[in-house]
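sequence first, then the predicted structure:
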Amino acid sequence: MKYKIHHFELNMKEDQLKLEQFLNRLHGDVVSIVPNVKPIFRPMGATAKVDFLFIVEKIMN
């Protein structure tokens, strides 16, 4: 079995359709989607933002 890791830049508010199209174009099976969560500290408290995703695809032989 072979695996391929994709790096997908993401803006959570605008890229839903772009992510959907990317996932539908993959030829193998999606094994995992790992978000890169970045903490953001603001005067009202802390929150988080997802900058990009690692998408693990299992390649069919």
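Perfect, thanks for sending it. Numbers count the residues shown, from 1 in each chain.

and the gap between the residue most central in space within the chain and Met60?
Within the chain, the residue whose C-alpha comes closest to the C-alpha centroid is Leu53; the distance, by CA atoms, centre = their mean, is 2.5 Å. The gap separating Leu53 from Met60 is 22 Å, by CB to CB, to the nearest Å. Bear in mind the C-beta positions are built from the backbone N, C-alpha and C, glycine included.

repeat that for Ala48.
Taking CB to CB as the measure, Ala48 and Met60 are separated by 35 Å.

now do the same for Leu26: its pLDDT.
Model confidence at Leu26, expressed as pLDDT, equals 93.

let me see the contact set for it.
With contact set as CB atoms under 8 Å, 6 or more residues apart in numbering, Leu26 has these partners: His6, Ile55, Glu57.

how about the strands in the protein?
2-9, 29-42, 45-59 (DSSP state E).

could you dump these into CSV with distance to Leu23 and mean pLDDT added?
What follows is the strands of the chain, written out as CSV (distance: least, CB to CB, whole Å; pLDDT from 0 to 100):
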stretch, distance to Leu23, mean pLDDT
strand 2-9, 9, 95
strand 29-42, 7, 94
strand 45-59, 8, 93
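
kindly reformat those as JSON lines containing distance to Glu20.
Conversion of those to JSON lines gives the following (distance: least, CB to CB, whole Å):
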{"stretch": "strand 2-9", "distance to Glu20": "12"}
{"stretch": "strand 29-42", "distance to Glu20": "12"}
{"stretch": "strand 45-59", "distance to Glu20": "12"}
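
of all those, which one is nearest Asp15?
Judged by CB to CB, the one of the strands of the chain that comes nearest to Asp15 is strand 2-9, at 7.9 Å.

one step back: closest to Phe22 out of the strands of the chain?
Evaluated over the strands of the chain, closeness to Phe22 peaks at strand 2-9, with 6.3 Å, by CB to CB.

what packs against the closest one?
Other elements packing on strand 2-9 under the criterion 3 or more CB pairs under 8 Å, 6 or more residues apart in numbering; DSSP states H and E are helix 16-25, strand 45-59.
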